[in-house]
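1. Quick one, structure for this:
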Amino acid sequence: MFWEGEINRQEVTDRFGISIPQASADLGAYRTLAPENIEYSTTKKRYVATGNFSPQLTVPNAERYLAQLRAISDGVITTLDTFMETTPDVAAMPIPSRLVDPIILRALLRAIKSQRSMKIEYQSLNESRPEPMWREITPHAFGWDGLRWHVRAFCHLEFSFKDFVIPRFLSVGPEGAPAKSGLDDEDWNTHFDVVLVPNPRLSLAQKHTIEREYGMSDGKAIVKVRRAMLYYFNKRLRLDVAERQDRPKETPVIVQNRNAYDRELKAVSY
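-> Next comes the predicted model:
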């Protein structure tokens, strides 16, 4: 009712697999609970939200609604997987997909669950390794940088925790004894508070709009980021070049604690 503004008994029965009498009883119970929220329209033959409608059973979440809308647009889910009956026309910026082999993903999941290492055939883009090679890793977590999935793992070859892009796995081999635990991954388990503030080159009114847009308190937003994800955070927000190259409207926020932020970035291994 909050998002669609109207509902009928058939939609309730279709969604929840209940009988028409039960749907009528449930709608009647809701009208008793919140008599000012809905009224029956004889012309539409539906219950519609009144001008005084106020959610009683849920807390509306705009981010969740928009995430579902995007997933529908991308073909990941359908409206049957949501509480949406209708959807507006929507377009999401197309991003070339990075194909993940489900067999490889399953092997990674199993290794993480069992806390084991695994052999992998991996195509690195490192100039020193232009050809695929077999290596051993102990995976413990997944990361999403906004464009691609990677697995966070201890590399037995370089003896350090690194990020491995999952679509670059060519094949997987047997599991083995782990070399390190995810608890030993300091960069993964350490968080850094990135303090974002409105670009000082914006007008006062524009700054107030950015504060509201980013949900800032006292003129700043504190974003807790895993240290292992700072590099991707920096790239996605273009914080590495934006302040020097973009106009204020293209860079509405900047990093207030820049010195500490840069030190953390330099300290992380990927």
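2. Please make it C-alpha for all contacts and neighbour counts, starting now.
-> OK.
3. Dihedrals phi and psi, the nearest residue to Asp163 once chain neighbours are set aside?
-> Nearest residue to Asp163, sequence neighbours excluded (Cα to Cα, 6 or more residues apart in numbering): Arg152, at 4.8 Å. Phi and psi for Arg152, reported as degrees, to the nearest 10, are phi -90, psi 130.
4. if I look at Arg152, how far off is Tyr47?
-> 50 Å (Cα to Cα, to the nearest Å).
5. Give the pairing partners of the helix or strand containing Phe142; include direction for each.
-> Following DSSP states H and E, one finds Phe142 within strand 133-144. Applying DSSP bridges, strand 133-144 is found paired with strand 117-122 (antiparallel), strand 149-155 (antiparallel).
6. Output it as PDB - backbone C-alpha positions only.
-> What follows is strand 133-144, C-alpha atoms only, in PDB (Å, rounded to 0.1, in the frame of the first residue of the first chain):
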ATOM      1  CA  MET A 133      49.800 -20.500 -13.800                       C
ATOM      2  CA  TRP A 134      48.800 -22.800 -11.000                       C
ATOM      3  CA  ARG A 135      49.100 -21.400  -7.500                       C
ATOM      4  CA  GLU A 136      47.700 -22.100  -4.100                       C
ATOM      5  CA  ILE A 137      45.500 -19.800  -2.000                       C
ATOM      6  CA  THR A 138      43.600 -19.900   1.200                       C
ATOM      7  CA  PRO A 139      40.400 -17.900   0.600                       C
ATOM      8  CA  HIS A 140      38.300 -16.400   3.400                       C
ATOM      9  CA  ALA A 141      36.000 -13.700   2.000                       C
ATOM     10  CA  PHE A 142      34.500 -12.100  -1.100                       C
ATOM     11  CA  GLY A 143      34.700  -8.500  -2.100                       C
ATOM     12  CA  TRP A 144      32.600  -6.400  -4.600                       C
END
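7. State the distance from the residue nearest to Asp163 to Arg263.
-> Taking Cα to Cα, one finds Arg152 at 22 Å from Arg263.
8. Now do the strands in the stretch 151-270 of the chain.
-> Secondary structure of the stretch 151-270 of the chain (DSSP state E, counting those that start in this stretch): strands at 160-165, 169-176, 191-198, 221-226, 253-255.
9. follow-up on the earlier one: Arg152 and Tyr47: who's more crowded?
-> Arg152 (24 against 19; other Cα atoms under 10 Å).
10. Surely the more buried one is in contact with Pro139?
-> Yes - using Cα atoms under 8 Å, Arg152 is in contact with Pro139, at 5.8 Å.
11. Having no further points to raise, I will conclude here.
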